[in-house]
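Chemist: sequence and computational prediction follow.
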Amino acid sequence: MKRFMFSLLIAIILIGNITPIAYGEEVELSIEEEKYLLLKEENLRLRKEILRLRNQLSKRKAIKIPVLMYHHLLKQEDIEKYNWSNNTNIISVEAFQEQMDYLYENDFYTATLDELRSFLDGEITLPEKTVVITFDDGYLSNALYAYPILKNYNFRGTIFMLGYRVNDVQAPFDPSTTQSISIYEAYKYEDVFDYESHTYALHDEDENGGKLLISSDKNLILEDLKKSKELLNAKYFAYPFGKYDENTIEYLKETGYEMAFTIKPGYITKESDKYELPRFNISPHTPLSRFKRIVNGIEDIVPQSNKDPS
């Protein structure tokens, strides 16, 4: 089956080097931009056909789906060289490669957030071996390291972007510090990544240690959510630090977000609340044996630690 699926998947038209369409702008389309949109539509049709065949070939349908949460990636030698070893948000490229190898070799399907939403709405079924891959914060390393690995296997992923970090020119990569993917370069990776919101500028704390998404004035929060949504054309959201309250959910609904993700571990089922969706944090302390249990739906859910990833 793997050879058949690989032959089918490589038929997908890639859209790497076409002039981007600026986010949030209405412009007269050039010939290249019209071609870009046509190719995106064709890719969507092909993906729907691939999903239909995967469902047909799968012995069982998905009942519960793990969403994986990553942040920053670096080569192991750079983690050691630049003293990143104590940062639990940085996973080695080598470990990420090993995890993606496992998913590919065991015929996992990587669903998009649109497909996950349709699954929750009962509009589609997904094959039993389905995972969702997400990244928080919009690090440039996602494009440099995760993108080619995912692209090689025709996997899909979502990056939850921090608007104030990505709404600028592209900084050169430097493993001794962190940089973000520029929204003006993001189109280069759209054949793998979708881009969603992690707030525009509320991923921080106030002077009392309160999370800004909760402690800020309502109008400020609404303005931030709208700004991020417009910049990214976003429909989905990831809570900074995993923190939210009933008001946060209402603000998301008011500004048109359709789903939101926490950092609480757990599986998504059709009974899951769309604004409190769980995710499994994949850290440098996640051995491959636990990764396998997570994606195969047999991981025991344990209370999360007091130190939340961002």
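Modeler: Ah, there it is.

Chemist: now the strands for the stretch 201-310 of the chain?
Modeler: For the stretch 201-310 of the chain, applying DSSP state E, counting those that start in this stretch gives strands covering 236-238, 259-261, 280-281.

Chemist: and the second one, what's its mean pLDDT?
Modeler: Right, the one you point to is strand 259-261. For strand 259-261, mean pLDDT is 98.

Chemist: also the last one?
Modeler: Averaged across strand 280-281, pLDDT comes to 98.

Chemist: how about stretch 194-214?
Modeler: 94.

Chemist: what about Asp107, distance to Leu57?
Modeler: According to C-beta to C-beta, to the nearest Å, Asp107 stands 9 Å off from Leu57. Every residue, glycine included, has its C-beta placed from N, CA and C.

Chemist: more crowded one of those two?
Modeler: Asp107 (15 against 12; other C-beta atoms under 10 Å).

Chemist: in the chain, which strand is the longest?
Modeler: Using DSSP state E to define each element, the chain has its longest strand at strand 130-137.

Chemist: okay, that one in CSV with CA atoms only?
Modeler: What follows is strand 130-137, C-alpha atoms only, in CSV (Å, rounded to 0.1, in the frame of the first residue of the first chain):
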residue,chain,number,x,y,z
THR,A,130,-4.3,10.1,11.7
VAL,A,131,-2.2,12.7,13.5
VAL,A,132,-2.2,16.5,13.3
ILE,A,133,1.2,18.3,13.4
THR,A,134,1.4,21.8,14.9
PHE,A,135,4.1,24.3,15.7
ASP,A,136,3.8,27.3,18.1
ASP,A,137,5.4,30.7,17.7
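
Chemist: what is that strand packed up against?
Modeler: Using 3 or more C-beta pairs under 8 Å, 6 or more residues apart in numbering; DSSP states H and E, the elements in contact with strand 130-137 are strand 67-70, strand 109-110, strand 157-161.

Chemist: Glu77 is nearest to which of those?
Modeler: Glu77 lies closest to strand 67-70 among the helices and strands packed on strand 130-137, at 19.3 Å (C-beta to C-beta).

Chemist: ok, the following helix or strand past that closest one: who's next to it in the sheet?
Modeler: Later in the chain than strand 67-70, the nearest helix or strand by DSSP states H and E is strand 72-74. Applying DSSP bridges, strand 72-74 is found paired with strand 90-92 (parallel).

Chemist: if we can go back for a sec, how far does the next helix or strand after the longest strand of the chain sit from the chain's center?
Modeler: Downstream of strand 130-137, the next assigned helix or strand under DSSP H and E is helix 140-141. Taking C-alpha atoms, centre = their mean, to the nearest Å, the mean C-alpha location of helix 140-141 is offset from the chain mean by 13 Å.

Chemist: just stretch 201-217 next, same as before
Modeler: That offset, for stretch 201-217, works out to 23 Å (C-alpha atoms, centre = their mean).

Chemist: list the buried residues for it?
Modeler: Ala201, Leu202, His203, Lys211, Leu212, Leu213, Ile214, Ser215, Ser216 (16 or more other C-beta atoms under 10 Å).

Chemist: now stretch 160-170
Modeler: Buried residues in stretch 160-170, defined by neighbour count with 16+ other C-beta under 10 Å: Phe160, Met161, Leu162, Gly163, Tyr164, Arg165, Val166, Asn167, Gln170.

Chemist: swap in stretch 292-304?
Modeler: Ile294, Val295, Gly297, Glu299, Gln304.
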